[in-house]
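Engineer: Here is the input, now give the coordinates:
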Amino acid sequence: MTYLEDNETMGTSYVGFIDKGYWTNDAFLEGFSYLLAREFKKINNKEHWQIDMIENWITATVGFVGCVPSYFKLFDSHDKIQVLRNTLLNILSQLRSNPMYITVSELNEHNIGQRVWQNPSVDSFINITQLTLKLIDGELNTDASSPIDYWDVQ
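Structural biologist: Predicted coordinates:
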């Protein structure tokens, strides 16, 4: 269980692509969506679908109660999946090498998850990025009914 301020626990969401997926804590999913949007904003000469993805991911960070549809289904071509893969690889590299890539102040300034972040686990952001890479590459074998034993960062 992950805690934020005053032992407040986070809910969980299922992230799926085709027929596989993984469970993750909502606040980390919103933070991850923020990172994806932030990286996609850096793309020069964005195509319309990339602009749409930025808007969708920003919407996913507002922390409202309810269901956010899986936007990964919009990656419907090899080229789009490759853009996502490259973005994920960049996020993963930055998380591993740059301790200031995502900061508490940035998460709180943008009200990610409508929570007060105190000490976010970089390992959790690394893990959600790795899981998503495995998911889009067809290497993840878990689904909604699988035991949640994949949260140990490797």
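
Engineer: Check which residues of the lowest-mean-pLDDT helix or strand in the chain are buried.
Structural biologist: Scoring the helices and strands of the chain by mean pLDDT, DSSP states H and E places strand 12-17 at the bottom, with a mean of 85. Within strand 12-17, the residues that count as buried by 16 or more other C-beta atoms under 10 Å are 13, 15-17. Every C-beta, even on glycine, is put in place using the N, C-alpha and C of the backbone.

Engineer: I'd like the mean pLDDT over stretch 59-74, please.
Structural biologist: Average pLDDT, stretch 59-74: 69.

Engineer: Now do the end-to-end distance for that stretch.
Structural biologist: 15 Å (C-alpha to C-alpha, to the nearest Å).

Engineer: For Phe40, which non-adjacent residue is spatially closest?
Structural biologist: Using C-beta to C-beta, 6 or more residues apart in numbering and skipping residues adjacent in sequence, the residue nearest Phe40 is Ile54, 4.9 Å away.

Engineer: Now do the SS call for that neighbour.
Structural biologist: helix (DSSP: H, G, I helix; E, B strand; the rest coil).

Engineer: Against Tyr22, how distant is Ser145?
Structural biologist: With the distance defined as C-beta to C-beta, to the nearest Å, Ser145 ends up 12 Å from Tyr22.

Engineer: got it, and Asp52?
Structural biologist: For Asp52 relative to Tyr22 (C-beta to C-beta), the value is 24 Å.

Engineer: Compare neighbour counts for those two and give me the winner.
Structural biologist: With other C-beta atoms under 10 Å as the criterion, Asp52 and Tyr22 differ in neighbour count, and Tyr22 comes out ahead with 23 against 14.
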